[in-house]
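> Sequence and computational prediction follow.
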Amino acid sequence: MVARFIAGVAGIVGAVIGSQAPGYTLQYMQNLTGRVDELRPIVEQFDADVGKYGYTRDRALIECETADGLLEALCTGYATTIRRFELLSAHLDELKAAGPYVRPLILMREAAENEVIRDIGRSVMKEFKPAVPVTLDGAAYAAGGFAVLWGGLTFIFGFLGALFGFGRR
């Protein structure tokens, strides 16, 4: 009886937490879009500047690898900015291409693999305000969160009960 109650409460907590995934992902994408838009003019200016001398972005960055002195310092900054722009742009494109049911899963996968993505996720979380979801994807994630926590605890309590003989009459 107590185990079912705990599993039920955990399921409700899972539903509340899970239901926030689509809203959080949308806010994350808005933040990510701003970051990409901020870097775009810098990268476009770099491309235009090196293009004046017959260089492509990739060729200029390869040449930057052998630079030293002041040129090395400038190249390092541009190379870092360009790599970040390319990473964030590709990540944003992947999220935009995915459907609303898949986006939170992609975000979790990418955050597990990439520190830059985790940092953005942390900054979004600082400003994120939970809200009641009224979308189908919010309801689906709520149901998934409920199922995972309720089902997981029900299984664990059932297993422990069978193992130790609790619940026998």
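Perfect, thanks for sending it.
> which residues touch the residue nearest to the spatial centre of the chain?
Central residue of the chain (C-alpha atoms, centre = their mean): L107, 2.9 Å from the mean position. For L107, the contacting residues are T25, Y28, L95, I117, G121, by C-beta atoms under 8 Å, 6 or more residues apart in numbering. Heads up, the C-betas are built off the backbone N, CA and C, glycines and all.
> Please repeat the previous calculation with a cut-off of 10 Å.
21, 24-25, 28-29, 32, 91, 94-95, 98, 117, 120-121, 124 (C-beta atoms under 10 Å, 6 or more residues apart in numbering).
> Buried residues, the helix or strand where A162 lies. List them.
Using DSSP states H and E, A162 falls within helix 136-164. Buried positions in helix 136-164, judged by neighbour count with 16 or more other C-beta atoms under 10 Å: 137-138, 140-142, 144-146, 148-150, 153-154, 157.
> Mind giving me the packing neighbours of that helix?
helix 2-19, helix 21-51, helix 103-113 (3 or more C-beta pairs under 10 Å, 6 or more residues apart in numbering; DSSP states H and E).
> could you dump those to a markdown table with distance to I82?
Formatted as a markdown table, these follow (distance: least, C-beta to C-beta, whole Å):
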| stretch | distance to I82 |
| --- | --- |
| helix 2-19 | 37 |
| helix 21-51 | 6 |
| helix 103-113 | 19 |
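> Any idea which of those helices gets closest to G161?
helix 2-19 (7.2 Å; C-beta to C-beta).
> distance between the closest one and the chain's centre?
From the chain centre to the centre of helix 2-19 is a distance of 24 Å (C-alpha atoms, centre = their mean, to the nearest Å).
> what sits up against that helix?
104, 130-135, 137-158, 160-161, 166-167.
> Double-check E86 against R57; I have them as touching.
Yes - with contact defined as C-beta atoms under 10 Å, E86 and R57 form a contacting pair (9.5 Å).
> Overlap in contacts, these two.
Common contacts of E86 and R57, defined by C-beta under 10 Å, 6+ apart, comprise V43.
> low-confidence ranges in the chain?
For the chain, the stretches flagged by pLDDT under 70 are 166-169.
> try 90 this time
1-22, 62-77, 129-143, 145-147, 149-154, 157-169 (pLDDT under 90).
> tilt between the helix or strand hosting R84 and helix 21-51?
For R84, the element it lies in under DSSP H and E is helix 70-97. Per axes from the mean of the first three to the mean of the last three C-alpha atoms, to 10 degrees, the angle that helix 70-97 makes with helix 21-51 is 140 degrees.
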